[in-house]
Every structure is written in structure tokens, then in C-alpha cells.
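[1] what's the 3D shape of this:
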Amino acid sequence: MAIDKQALAAGRQFQHTVNDATINAHVNDYGVDMQSDIPYIDDGSADHLLDIYSPADADKTQMLPVVILIHGGGYSSGFKELDRRLGQLIATHGFRVVNINYSLMPEVGFGQELREIMTVANWISDHRVQYGFADQNISIMGDSSAGHLTLLAAATQNNQELQNYFEVTPYAKDFKAYVAICPATFESITSSDNVIIAGVRQVLSDWLSQEDFVKHALYTNYMADNFPEVMIVTTPSDSILAEQAIAMHDFMTANQIKHVYKSYEGVENKIDHVFNVLFPEYEESQRANADIVAYLKEKNT
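    The predicted model follows:
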């Protein structure tokens, strides 16, 4: 596979340039118990590390529901610390949040990424006593490109064709909830003239040229009666993916696909793509994140 190494390196560096100062200034704003850089695949790769955030007052053996948190970054960049503040906030509400790194495109495709998510779920089950995981109460949450990955995981969990194509064994105990924040779609990559998406399209060009891969990556092709309910969080002022979120909502509504759609307007602040992840202190983000927590609690009762 030909990889545009220059564009790939630039995209990955961009994530650090934009976000590192904020990340380093907010290591543990919520005072949670934090365990960092634990391998879920013991191969020495930073792609296979995870962090665990737990309520500060939780007993170490108390079995709490789990949220697997998956960072975005245009499919080909990003790292778990981008979502750390959101994960810590959720942990304060009685969850253990498992915030993961994972292998990125274009070096791997969705099949490898989905297998790694299932590996994380099974790792949680295997370590339930050690870390206090209620392994029958696991939810998945992702933003932007990881919103795509989250919705594809939802489709794959109950679809034999996708399981065969991506060579994925679904999590045996199923997942309680799926939350996609400002989710991306392959339709948006191929049709948008947004400068950021154009860069993503360049990096993913080899994958996008494979018709069978694109077909199976379009989770809307597999939304049927057995598609699990998902929560979609967005804003009409998303400068990258607003139209795609609205179109997805319209498609799911027209096809009677179970979902909860939450869209937030900027009032006190100008909000944009994945606003509640990057700026959880905003009033609009607080409302969105409160709704996410309420949804997770409802699904875990």
C-alpha cells in the first residue's frame, strides 16, 4: 500500500501542535483515580496502551460499568490524551472509563481497529476483578472518525457479513450503549471540499479506492432491525461534519433505525467540531456531556 508519508506525518504532528499545551495543562482536573499506559496487547506498541479513570472514592474492587473511549483524529492521527478530560468527567459519575490508543489508518484498516476494540472488551472481562470492571456493562464512545468506528462496531456486533469481512468476533456479552460524537462518514470524505477532509482523503486514498472496503465501511448499508440503538451528539455549527450528522439523522429516522439525536446550539460560546471533547468547560459542552452521562446511566440500569 502506497502511503503519503509527508501528509501523514503532517497530520499527526498537527494534533500535537494544536492540543499538547491544553492536554498538559489539564492532567487531572476532575480528581479521579487515574492509571495510565497499561498494555492491552503486550507488544511494546504505544498503539496498544490504555488509561483507566475511576471515581476517586470508588473501592478498588467495586464493580462499576465501563465506557471504552475512542479518540478521533481524521482516521489517521490522534491519541488517547485528546479525550482524557471527557473520560475523567464521565468517571466522576460512577463509571470506569477505559481510554484507548489503537492502530491507525492508513497502516491498518477498520478490520484491525475493530479487532483491537474487541480485544479491549475481552481484556476488560479478563481483568474485571483486578480493576473492578462490570464486564456485562460495557459501552463504546467515539468522536469524529472514532464516531464512524463506533457506529461500525455497532453494525458489526450483530451482522454476520461484517464479522466475516472484517474478521471480527463480537464481544460475547454485548455492549450496553454506543455514543458517537460528531461522527464522520466515508461519504463526507469522498464528497466534501473542506480543506481538513481533503487532507484526510489524500492520506486514505488507497483505502478509498477499494470498492468492497468502502461498501463494508458504510455502516448505513447495515442499519436494519437488529442495529442497536445509538446516541449521536452534534452541533449545526460543526464546520467539518454538520451536514453529515443531519443527513444521518434523517436517514435513520426515515428508516426507523433506533437512535437518540442531540444537537446543541452555541449560546455562551462559539462551538464547533467535537466541542464537548475539546472544551468540556463550555456551558454547551456541560449540557451535552450531562445528556451523555444520563444516557449511559439509563442504558446501564
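[2] can you count the residues close to M105?
    22 (other Cβ atoms under 10 Å). All C-beta atoms are positioned from the backbone trio N, CA, C, and that covers glycine.
[3] by contact count, what packs against the lowest-mean-pLDDT helix or strand in the chain?
    Across the helices and strands of the chain, mean confidence by mean pLDDT, DSSP states H and E is lowest for helix 186-191: a mean of 80. Here helix 186-191 touches helix 195-203, helix 205-208, helix 242-254, going by 3 or more Cβ pairs under 8 Å, 6 or more residues apart in numbering; DSSP states H and E.
[4] contacting residues around the longest one?
    Applying Cβ atoms under 8 Å, 6 or more residues apart in numbering, the set of residues contacting helix 242-254 from outside is 182-185, 187-188, 220, 223, 232, 234-236, 238, 257, 259, 261, 263.
[5] same thing with the first one?
    Outside of helix 195-203, the residues within contact range by Cβ under 8 Å, 6+ apart are 3-4, 7-8, 10-11, 74-76, 105-106, 145, 188-190, 192, 208, 240.
[6] Any of those buried? List them.
    By neighbour count, with 16 or more other Cβ atoms under 10 Å, these hold 4, 7-8, 11, 74-76, 105-106, 145, 188-189, 192, 208, 240 as buried.
[7] For the stretch 1-150 of the chain, which segments are assigned as helices?
    Here the stretch 1-150 of the chain has its helices, by DSSP state H, counting those that start in this stretch, at 5-25, 84-91, 110-126, 128-131, 145-157.
[8] quick one, which of those helices is nearest to V267?
    Nearest of the helices of the stretch 1-150 of the chain to V267, taken as Cβ to Cβ: helix 84-91 at 20.0 Å.
[9] helices or strands next to that closest one in the packing?
    Secondary-structure packing of helix 84-91 (3+ Cβ pairs under 8 Å, 6+ apart): strand 49-54, strand 64-70, strand 96-100, helix 275-278, helix 283-299.
[10] What average pLDDT does the shortest one get?
    Mean pLDDT, computed over helix 275-278, is 98.
[11] Before I go, just wanted to say thanks for your time.
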